[in-house]
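> Quick one, fold the following:
(one chain, ligands or ions: 1)
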Amino acid sequence: MITEVQHSSRLELSQSALKHNLDFLRRTIGEHPVISVVVKANAYGHGVEQFVPMAEKCGIRHFAVASTGESHQVLSSLTADSRVMIMSILHDSDIPWVIEHGIEFYVFSLRRIKLAAEIASKLGIPARIHLEVETGGNRTGIEQAKLKEALAVIHRERKHLHLIGFCTHLAGAESLAAKFRIDKQVQMFERLRKPLMNRNNPPLFHMASSAASLIRPECRLDMVRTGTVVYGLYPSPDVYNSMLLNARKPEDVRLRRVISWKTNVMQVRQVDRDEFVGYGTSYQAPRDSMIAVIPTGYGNGYPREMSNRGTVLIRGRRAPIVGVVNMNMCFADVTHIPDVDFGDEVVLVGRQKKNEITIRSFSDFSSALNTEFLSRLPADIPRQVVK
Ligand SMILES: *Cc1c(COP(=O)(O)O)cnc(C)c1O
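The predicted structure is shown next:
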């Protein structure tokens with residue numbers, strides 16, 4: 001009987017790295033704003049089931065997701081009394097479930113507001129809503145022409161609709177080139193929220209994701225919705241450089257990667273000079289070579305863009321990916337590394353001895369964002385929490 005099977009690779013999640021990043025974020029934004037950790041896309045590939053309890057261990061009590069399905073995953077993973085918020089798709093048929101489970105959700109249309117009130121009234125449980133307003137991003141968000149009416153309906157239905165938040169989303173605060181656009185959005189949001197500010201029980205105002213939380217103090221308000229920085233990545237070189245400029249020393253703004261990705265050598269083979277490796281003719285050995293076969297391909301989340309470009313670590317040294325990345329394997333040239341053997345650890349992302357493969361290096365070789373690569377890591381790779 002098989003009691004335990006091995007997957008072709010494994011992910012490690014560092015609790016101390018996560019704590020470091022959250023401490024850094026808290027120091028940067030100050031004590032007031034609630035930190036809502038964004039765990040959409042399976043916690044940016046880290047794995048909701050493992051990651052949510054890790055964040056709760058660090059004191060986080062608010063999580064943001066993109067869909068009802070994701071909110072369900074988070075609910076099942078909670079180990080504390082945390083709140084969950086849906087920022088994007090919520091089908092009408094899911095609204096009763098969402099209200100019954102006390103999940104907070106964005107509303108950005110009159111239709112959705114009225115429907116939520118109706119369902120909440122039937123259930124006898126108030127809906128916990130965040131009203132998202134349009135400020136120039138032109139994604140979701142209620143148009144300004146309809147804002148007055150929306151607020152009137154919410155006020156009228158206040159027994160059934162609890163206005164928890166009032167928010168917007170910035171259209172690329174990580175790029176200084178878009179500064180003029182973000183400035184306009186910030187000014188507009190300030191104007192729109194004015195009438196709500198002097199209420200007895202004002203909603204939480206929020207607009208900042210990682211980039212704005214770090215470099216735009218005026219955007220921190222009552223809550224920040226942060227993903228990227230929490231996982232130990234800077235949203236862009238612009239944000240990193242802005243932080244560096246204001247730091248006393250570079251160590252003060254260093255983030256720590258939470259995730260590492262490892263596998264093991266499946267086979268080592270000798271390849272004669274002028275032989276091709278793997279499919280097609282994209283790699284021809286320039287000399288007699290030793291090639292390590294690695295059991296991860298694009299079907300396992302290792303991007304095909306890494307063909308003849310990527311690097312892995314074996315025995316503490318860098319080994320270039322040669323040939324095309326297959327669906328379930330790839331190849332590394334280890335001619336320069338003595339004694340590579342079956343079973344040797346291969347680091348796809350992370351550290352081995354003095355070398356490191358960063359997540360950023362994946363976006364250097366493709367149009368993919370660092371968060372894009374992460375969000376595509378298959379859910380079935382085992383995730384292990386380490387110190
Ligand atoms: C994804 C997302 C965030 C988090 O963005 P990061 O740059 O990863 O911090 C915040 N708000 C909304 C609405 C999002 O969709």
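> Who are the contact partners of the residue in the stretch 251-387 of the chain that the ligand sits nearest to?
Nearest to the ligand in the stretch 251-387 of the chain, going by C-beta to the nearest ligand atom, is residue 371, at a distance of 6.2 Å. The way it works is simple: take the backbone N, C-alpha and C, and place the C-beta from them, glycine included. Each residue near residue 371 by C-beta atoms under 8 Å, 6 or more residues apart in numbering is listed here: 41, 44, 227, 228, 233.
> Next, give phi and psi for the second one.
I take that to be residue 44. phi 50, psi 40 (degrees, to the nearest 10).
> Quickly find the element holding the nearest residue to it once chain neighbours are set aside.
In space, and not counting its chain neighbours, residue 44 is closest to residue 374: 4.7 Å by C-beta to C-beta, 6 or more residues apart in numbering. Assigned by DSSP states H and E, residue 374 belongs to helix 370-375.
> Can you show me the CA trace of that helix as PDB?
Only the C-alpha atoms of helix 370-375 are listed here, as PDB (Å, rounded to 0.1, in the frame of the first residue of the first chain):
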ATOM      1  CA  ASN A 370       7.100  38.400 -10.800                       C
ATOM      2  CA  THR A 371       3.600  38.000  -9.400                       C
ATOM      3  CA  GLU A 372       2.400  36.400 -12.600                       C
ATOM      4  CA  PHE A 373       5.000  33.600 -12.400                       C
ATOM      5  CA  LEU A 374       4.100  33.000  -8.700                       C
ATOM      6  CA  SER A 375       0.400  33.000  -9.300                       C
END
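> which parts of that helix are buried?
By neighbour count on 16 or more other C-beta atoms under 10 Å, the buried set for helix 370-375 is 370, 371, 372, 373, 374, 375.
> wait, the last one sits on residue 43?
If I follow you right, that is residue 375. No - with contact defined as C-beta atoms under 8 Å, residue 375 does not count as touching residue 43 (9.2 Å).
> if we can go back for a sec, pLDDT value on the residue nearest to residue 44, please?
At residue 374, the predicted lDDT confidence score is 94.
> Might one say that it is in contact with residue 228?
No - applying C-beta under 8 Å, one finds residue 374 not in contact with residue 228, separated by 9.4 Å.
> joint contacts of these two?
Residues touching both residue 374 and residue 228 by C-beta under 8 Å, 6+ apart: residue 44.
> tell me the mean pLDDT over the strand or helix carrying residue 187?
Residue 187 belongs to helix 179-197 when assigned by DSSP H and E. What helix 179-197 shows for mean pLDDT is 95.
> what's that helix packed up against?
Where contact means 3 or more C-beta pairs under 8 Å, 6 or more residues apart in numbering; DSSP states H and E, helix 179-197 is packed against helix 144-156, strand 204-208.
> hey, C-alpha coordinates of the last one in CSV?
Yep, that's strand 204-208 we're talking about. In CSV, the C-alpha atoms belonging to strand 204-208 read as follows (Å, rounded to 0.1, in the frame of the first residue of the first chain):
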residue,chain,number,x,y,z
LEU,A,204,-12.8,52.4,6.6
PHE,A,205,-11.2,54.4,3.8
HIS,A,206,-8.8,52.4,1.6
MET,A,207,-7.0,52.8,-1.7
ALA,A,208,-3.4,51.6,-1.4
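> so does that strand get close to the ligand?
No - applying C-beta under 6 Å from any ligand atom, one finds strand 204-208 out of contact with the ligand, separated by at least 8.0 Å.
> and the gap between the residue nearest the centre of the chain and residue 276?
Centroid check for the chain by C-alpha atoms, centre = their mean gives residue 44 as the closest residue, at 3.4 Å. Going from residue 44 to residue 276 by C-beta to C-beta, to the nearest Å gives 37 Å.
> Same question for residue 379.
Per C-beta to C-beta, residue 379 is found 34 Å from residue 276.
> Going by residue numbers, what spans are helices in the stretch 1-150 of the chain?
15-29, 40-44, 48-57, 68-77, 95-100, 110-123, 144-156 (DSSP state H, counting those that start in this stretch).
> could you say what helices and strands the shortest one packs with?
Contact analysis of helix 40-44 by 3+ C-beta pairs under 8 Å, 6+ apart lists helix 48-57, strand 62-67, helix 68-77, helix 370-375 as its packing neighbours.
> most neighbours per residue, which of those?
Ranked by mean neighbour count under mean count of other C-beta atoms under 10 Å, these are led by strand 62-67, which reaches a mean of 22.
> Please name the strands paired to that one in the sheet, noting orientation.
Using DSSP bridges, strand 62-67 pairs in its sheet with strand 34-38 (parallel), strand 83-89 (parallel).
> centre of the chain versus the longest one, how much separation?
Averaged C-alpha coordinates place strand 83-89 at 14 Å from its chain's average position (C-alpha atoms, centre = their mean, to the nearest Å).
> quick check, it touching the ligand?
Yes - applying C-beta under 6 Å from any ligand atom, one finds that strand 83-89 is in contact with the ligand at residue 87.
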